[in-house]
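**Student:** pasting the structure only:
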């Protein structure tokens, strides 16, 4: 029997430690690229994959070893490029940058200054929605590595980790119940773990198969 959890109403941080990155066939090559740093062609790497596929975790791992700053796409502006290009840098969700000219100048400055640059996006860089030919030429020439959605074994391991991040003890039966019933993605795993955490807190009970079935059925019903 899974013991009830004592909630202190605290938001528990996700662990971005290297040892907490769950390696599987769909992400092992991406981790190998991170480990190759600083031996990246022209000091640049692009990681791409669906939301929650592990790009941010890999960026955090790289930031720890390289000292890189991690910024959102909104930080890449004409006025901010010079300051950004003064050290190792990761732009998360770089395919959402509003000013492609600023990104073009950032890439050029990073190369000129010998700084390392990691870009992440949801699709291969050749498919990024920028209408600037010079920028697209640069992007297509960059080394790029994709991350795949998790298989069942990795999804199960991710669920266990996400519950542990929230200090929720769960039984193996809960994981076996969830894996074939939720979308096979890290994004979905985070959604359902958060929903079950909230339901367990609201009802002052443990996360069990009964509770998981109830939450899934309620959300399916709208």
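**Tutor:** On my side now, so go ahead. Source: prediction; values computed, not measured.

**Student:** how much distance is there from the lengthiest helix in the chain to the middle of the chain?
**Tutor:** Identified as the longest helix of the chain according to DSSP state H is helix 186-203. Centroid separation for helix 186-203 versus its chain: 18 Å, with C-alpha atoms, centre = their mean, to the nearest Å.

**Student:** mean confidence for the helix or strand following that helix?
**Tutor:** Using DSSP states H and E, the next helix or strand after helix 186-203 towards the C-terminus is helix 209-220. For helix 209-220, mean pLDDT rounds to 94.

**Student:** Stretch 141-161 too?
**Tutor:** 89.

**Student:** And stretch 192-201, by the same measure?
**Tutor:** 94.

**Student:** Of all the residues in it, which ones are buried?
**Tutor:** Buried residues in stretch 192-201, counted by 16 or more other C-beta atoms under 10 Å: 192-193, 196-197, 199-200. Quick note: C-beta positions are derived from backbone N, CA and C, even for glycine.

**Student:** can you give me the helices in this protein?
**Tutor:** Taking DSSP H as the criterion, the chain carries its helices at 28-36, 55-66, 81-84, 100-112, 133-141, 152-165, 172-178, 186-203, 209-220.

**Student:** same for the third one, what does it pack against?
**Tutor:** To tie it back to what came earlier, the one meant is helix 81-84. Contact partners of helix 81-84 among helices and strands, from 3 or more C-beta pairs under 8 Å, 6 or more residues apart in numbering; DSSP states H and E: helix 100-112.

**Student:** Please repeat the previous calculation with a cut-off of 10 Å.
**Tutor:** Counting contacts by 3 or more C-beta pairs under 10 Å, 6 or more residues apart in numbering; DSSP states H and E, helix 81-84 packs against strand 69-71, helix 100-112.

**Student:** now the angle between helix 133-141 and the longest one, please.
**Tutor:** To tie it back to what came earlier, the one meant is helix 100-112. 50 degrees (axes from the mean of the first three to the mean of the last three C-alpha atoms, to 10 degrees).

**Student:** and helix 100-112, how far from the chain's centre?
**Tutor:** What separates the centre of helix 100-112 from the centre of its chain is 24 Å, taken as C-alpha atoms, centre = their mean.

**Student:** which regions of this structure sit below the pLDDT cut-off?
**Tutor:** For the chain, applying pLDDT under 70 flags the ranges 1-15.

**Student:** per-domain residue ranges of it.
**Tutor:** The chain resolves into domains spanning 25-146, 150-220 when parsed by automatic domain parsing.

**Student:** Dump these into JSON lines; add distance to residue 16 as well.
**Tutor:** As requested, the domains of the chain are exported to JSON lines (distance: least, C-beta to C-beta, whole Å):
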{"stretch": "domain 25-146", "distance to residue 16": "4"}
{"stretch": "domain 150-220", "distance to residue 16": "10"}
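
**Student:** Point out the one among the ones you listed that comes closest to residue 18.
**Tutor:** Smallest distance to residue 18 across those (C-beta to C-beta): 5.2 Å, for domain 25-146.

**Student:** Show the end-to-end separation of the closest one, please.
**Tutor:** 11 Å (C-alpha to C-alpha, to the nearest Å).
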